[in-house]
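1. curious how this folds, go ahead:
(2 chains)
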Amino acid sequence: MLELIVVSTLNGVLFGMLLFLMASGLTLIFSMMGVLNFAHASFYMLGAFFGFQLARWVGFWPGLVLAPVLVGALGALVERYGLRHVHRHGHVAELLFTFGLAYVVEEVVQMIWGKLPADYRVPEALDFSAFTVFSTNYPAYKMFMLLIAIGIFVVLFAVLTRTRVGLIIQAALSRPDMVAMLGHNVPRVFMLAFGCGTGLAALAGVIAGPALVTQSNMAALLGPILFVVVVVGGLGSLAGAFIASLLIGLIQTFAVALDISLADLFGTIGITLGPDSFFSDIWRVTVAQIAPIIPYLLLVLVLIFRPRGLLGTRDT
Amino acid sequence: MSNAAKPATWTAAPAAAMPGALRRYGVWLVAAAVFVVLPHIFSSGTALTVMSLMGIAIIFALSYNMLLGQTGMLSFGHAVYYGLGAFCAVHVMNLAIRHIVPVPLVLIPLVGGAGGLLFGVVFGSVSTKRGGIAFAMISLGLAELVASSALILRGFFGGEEGVTTNRTKLLRLFDWSFGPQVQVYYLIAAWCLVCMIAMYALTRTPFGRMCNAVRDNPERAQFVGYNPQMVRFIAFCLSGFFAGIAGGLAAINFEIVNSSYVGLGPSGTVLIAAYLGGVGYFVGPVIGAVLVTYLQLMLSDATEIWQLYFGLLFIAVVAFAPGGIASLVMMHAPLWRARVVHRLVPAYLLALAPALVMLAGISLVIEMTFRLTVKASEPSAMTFFHVPLDAASVASWLAALLLIAGGFWLFRRSWPVVDRAWTEARAAAKRQGSAS
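-> Numbers count the residues shown, from 1 in each chain, chains lettered A, B, ... in the order given. Below is the predicted model of the structure:
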């Protein structure tokens, strides 16, 4: 039991930090530009596939740096030549543009790399077990992922709170029009923010690719969870996104490990239900089985009791 | 969505000389006549199937536009109400076959509608508290919730194989068995017409106008004394009702309902259909539904990567014609009335030729990439519009790039001609308007 708790906590924090790498970019972009980037998870997927291709050509380590840079540049181009053009048609058009983009990226990835999972392997230098918790060998690569994610988090935090650029970004989070009045080139700040945000998502993709499955449906699997994180945390709140990322990461990891159903729970106190009852499906399903829907249940609960999200302040 | 503020009108209604009532209802009589005549013109089995699907898609897309076009709510999960309506319908059909509830087949779509309405009330009470982007995200979350639950709750959703039924075994009225597709077509067409009229009538009521007000400026709607949340909620429930009717018709048409009905796929398709057609006009989603259904069936025969073209088409419409096809057509309405629209034809043809050349080049690049990557095991020789070429040779890539660059350059050159023709036609139309 203790083993399960330790391993699940580690995995949960890891998944949560990965989510935050993406949610932070999404939140930054949303707060500054008012665009909810539907294609954010697609850039994560592009990161994984670019990393995979670069790992084949030049090795894993150069790919770790190059892939996010390339994807970030691609993101900046999308902003410069796509979104900026759509901007005058309003926010709905922008959201639909990124929706169409997500659709096209998935098709392009399928066209180039196929529908089967890509053989993206952990680099040999990290292919050993870091330590053993009771009887479970914990892979070094996962520790590496955790370190990168925490490292990026620290850097992001430092940049946002300690530098001039960070101050401008923070100002643009709450009062973008005022920042423009003060003479900053807001379109360029937008382009940079979009590039950095998509680059962060790509970095998450590169490091998650070898550990999870690099496949053309990975964006569709992760995208909705990402939106849950952003809405639960509160639209436009970085701290909220951080808490929600960790929360959802931990909840989902623990839920997968729990093999208990309502029938087991009530069975211990002597209540049973016949197999033919209408509710027998709900009765017998285990927590592990409903793990995929827990984030969405959480979303609904948060919306009922706190519609602004955990730390949200803006009523958008 | 500034263009969405225009009232939904049918300019297809012919000239002003007609008496009032005929002018008002004429378009519906024409629509009914078209529905009746179509199967006599296109009588093949495929055509009947396609037209049945189009009828279902029209109801579904129009119900979606009650949200996006009329009330300004962007939903990514509208198929939830379509799918749950279909499941309700299929379960009631199975109960009717076992003589537990006596419902004739012609009323089964209403059961679907009731199902859609019920779930619309349940989910709407949670999701319509906020509008805008938050609503869009919540609709996506709810769609995921239902789609994932569909695989867990096997009793209701039937697991992976779904729930099957047999439409011919229900209580019969007038000895219609609904075995042949043509009977199903007429059932769908009748329901389609009824739903179209109902949804159009709804846009003309004070409630429909309040929906537009909430879309354009919720704060001012509140000042007038209406609660925007309540308006959104009612619009959402009614939209769920019509989506459920479409789902019920789909259950009758396919005789099987599975978990893919409630998935994100159909939700995305209906969004694309409504937007391509144009959300600012009532007729827009009708055009979009017909076009998208046709493209889905025909394009998938022509190329394996049709979804990519589909996505690119959608992006192009969002970027260059955010009002959709309907607004492009309606732009010409004043010119049409002034009878000067023919003056644009030469300029349009002049611009169309290089545009087609450019599109052919883009399509060639896509098809050659597809041939070299996914189908790498097959030989690189291929045909493109009956032209044989080798995808691995430099010459064909150069040709493709030349087509794109040349087409783009000529298109840019032809654009001033179109612009001038347009300005002149507009001026001519205005002169006529002021003269009469």
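
2. flag the shaky bits of the stretch 301-436 of chain B, pLDDT-wise.
-> B:375-376, B:380, B:435-436 (pLDDT under 70).

3. residues from it in reach of chain A?
-> B:305, B:307-308, B:310-312, B:314-315, B:318-319, B:322, B:366, B:369-370, B:373-374 (Cβ under 8 Å from any Cβ of the partner chain). (Glycine included, C-beta is placed from N, CA and C.)

4. strands of the stretch 201-316 of chain A, start to end?
-> Using DSSP state E, counting those that start in this stretch, no strands are found in the stretch 201-316 of chain A.

5. can you name the residue of it nearest chain B?
-> Nearest residue of the stretch 201-316 of chain A to chain B, counting by Cβ to the nearest Cβ: residue A:296, 3.7 Å away.

6. can you pull the contacts of the residue nearest to residue A:222 when sequence neighbours are not counted?
-> Once flanking residues are discounted, residue A:222 sits nearest to residue A:41: 4.8 Å by Cβ to Cβ, 6 or more residues apart in numbering or on different chains. Neighbour list for residue A:41: A:22, A:102, A:201, A:218, A:219, A:220, A:222, A:223, A:226 [criterion: Cβ atoms under 8 Å, 6 or more residues apart in numbering or on different chains].

7. avg pLDDT for the helix or strand encompassing residue A:41?
-> Here residue A:41, judged by DSSP states H and E, is contained in helix A:40-57. Average pLDDT, helix A:40-57: 91.

8. check stretch B:205-219 too.
-> Stretch B:205-219 shows a mean pLDDT of 90.

9. tell me, how many residues neighbour residue B:269?
-> Using other Cβ atoms under 10 Å in any protein chain shown, residue B:269 has 20 other residues around it.

10. tell me who's in contact with it.
-> Applying Cβ under 8 Å, 6+ apart, we find residue B:269 in contact with B:292, B:296.

11. state the distance from it to residue A:3.
-> Distance of residue B:269 to residue A:3, given as Cβ to Cβ, to the nearest Å: 46 Å.

12. what helix or strand does the residue of the stretch 1-150 of chain B found nearest chain A sit in?
-> Closest approach between the stretch 1-150 of chain B and chain A, counting by Cβ to the nearest Cβ: residue B:145, at 3.7 Å. For residue B:145, the host element (DSSP H and E) is helix B:132-152.

13. check which helices and strands that helix is in contact with.
-> helix A:91-113, helix A:218-233, helix A:294-305, helix B:79-97, helix B:108-127, helix B:154-157, helix B:264-277 (3 or more Cβ pairs under 8 Å, 6 or more residues apart in numbering or on different chains; DSSP states H and E).

14. what kind of secondary structure is residue B:383 in?
-> When classified by DSSP: H, G, I helix; E, B strand; the rest coil, residue B:383 comes out as strand.

15. what sits against it?
-> By Cβ under 8 Å, 6+ apart, the contact set of residue B:383 is residue B:389.

16. quick check: bridge partners of it?
-> residue B:388 (DSSP bridges).

17. give the contact list for the residue lying closest to residue B:189 once chain neighbours are set aside.
-> Of all residues not flanking residue B:189 in the chain, residue B:35 sits nearest, at 4.1 Å (Cβ to Cβ, 6+ apart). Counting by Cβ under 8 Å, 6+ apart, residue B:35 touches B:189, B:190, B:192, B:193.

18. re the thing from before, what angle separates the helix holding residue A:41 from helix A:218-233?
-> Computed by axes from the mean of the first three to the mean of the last three Cα atoms, to 10 degrees, the angle separating helix A:40-57 from helix A:218-233 equals 140 degrees.

19. which positions in helix A:40-57 come out as buried?
-> Using 16 or more other Cβ atoms under 10 Å in any protein chain shown as the test for burial, helix A:40-57 gives A:40-55.

20. now do stretch B:402-413
-> Applying 16+ other Cβ under 10 Å to stretch B:402-413 flags B:403, B:404, B:407, B:408, B:410, B:411 as buried.

21. ok, residues contacting that stretch?
-> B:351, B:353-362, B:364-365.

22. then stretch B:360-379?
-> Stretch B:360-379 has contacts (Cβ under 8 Å, 6+ apart) with A:110-114, B:303-305, B:308-309, B:380, B:382, B:384-385, B:391-392, B:396-397, B:399-405, B:407.

23. excluding its backbone neighbours, what's nearest residue B:234?
-> Nearest non-adjacent residue to residue B:234 (Cβ to Cβ, 6+ apart): residue B:207, at 7.0 Å.

24. can you report how many residues lie near that neighbour?
-> So residue B:207, with other Cβ under 10 Å, has 14 neighbours.

25. is it located within a strand, as I assumed?
-> No - if the criterion is three-state DSSP, then residue B:207 is helix and not within a strand.

26. up against chain B, what does the stretch 101-250 of chain A have?
-> So far as Cβ under 8 Å from any Cβ goes, the stretch 101-250 of chain A lies against chain B at A:101, A:103-104, A:107-108, A:110-114, A:220, A:224, A:227-228, A:230-231, A:235.

27. re earlier: what's the distance between the residue of the stretch 1-150 of chain B closest to chain A and residue A:64?
-> Using Cβ to Cβ, residue B:145 is found at 35 Å from residue A:64.

28. neighbour count winner among those two?
-> residue B:145 (24 against 17).

29. residue contacts, the more buried one?
-> Per Cβ under 8 Å, 6+ apart, neighbours of residue B:145: A:293, A:296, A:297, A:299, A:300.

30. most neighbours of all the residues you listed, which one?
-> With neighbours defined as other Cβ under 10 Å, the most crowded of the contacts of residue B:145 is residue A:299; it has 28 neighbours.

31. wait, doesn't that one sit right on residue B:141?
-> Yes - counting by Cβ atoms under 8 Å, residue B:141 is a contact partner of residue A:299 at 4.3 Å.

32. need the residues touching each of the two.
-> Joint contacts of residue A:299 and residue B:141 (Cβ under 8 Å, 6+ apart) are A:228, A:231.

33. all helices of the stretch 101-250 of chain A, in order?
-> A:140-162, A:164-174, A:176-181, A:186-208, A:218-233, A:238-257 (DSSP state H, counting those that start in this stretch).

34. helices or strands next to the longest helix along chain A in the packing?
-> Looking across chain A with DSSP state H, the single longest helix is helix A:2-33. Helix A:2-33 sits against helix A:40-57, strand A:129-133, strand A:136-139, helix A:140-162, helix A:164-174, helix A:186-208, helix A:218-233, helix A:238-257, with contacts defined as 3+ Cβ pairs under 8 Å, 6+ apart.

35. would you mark the buried spots in the third one?
-> Buried residues in strand A:136-139, defined by neighbour count with 16+ other Cβ under 10 Å: A:138, A:139.

36. mind listing what it pairs with, with the direction of each?
-> When DSSP bridges is applied, strand A:136-139 pairs with strand A:129-133 (antiparallel).

37. and the partner strand, average pLDDT?
-> 72.

38. next, the angle from that strand to helix A:140-162.
-> Using the same axes, to 10 degrees: strand A:129-133 against helix A:140-162 is 100 degrees.

39. need the residues that contact strand A:129-133.
-> Counting by Cβ under 8 Å, 6+ apart, A:3, A:6, A:7, A:137, A:138, A:139, A:140, A:142, A:143 sit against strand A:129-133.

40. farthest pair in the residues you listed?
-> A:3 and A:140 (18.6 Å; Cβ to Cβ).

41. ok, these two, which is more surrounded?
-> Taking neighbours as other Cβ under 10 Å, residue A:3 and residue A:140 compare with residue A:140 leading, 16 against 11.

42. so who does the more buried one touch?
-> Contacts of residue A:140 were listed using Cβ under 8 Å, 6+ apart, and they are A:126, A:127, A:128, A:129, A:130.

43. among these, who's most crowded?
-> Highest count within those by other Cβ under 10 Å belongs to residue A:126, 16 neighbours.

44. that residue and residue A:144 touch, don't they?
-> Yes - taking contacts as Cβ under 8 Å, residue A:126 lies within contact range of residue A:144: 5.4 Å.

45. for residue A:18, see how far away residue A:150 is.
-> As judged by Cβ to Cβ, residue A:150 and residue A:18 stand 11 Å apart.
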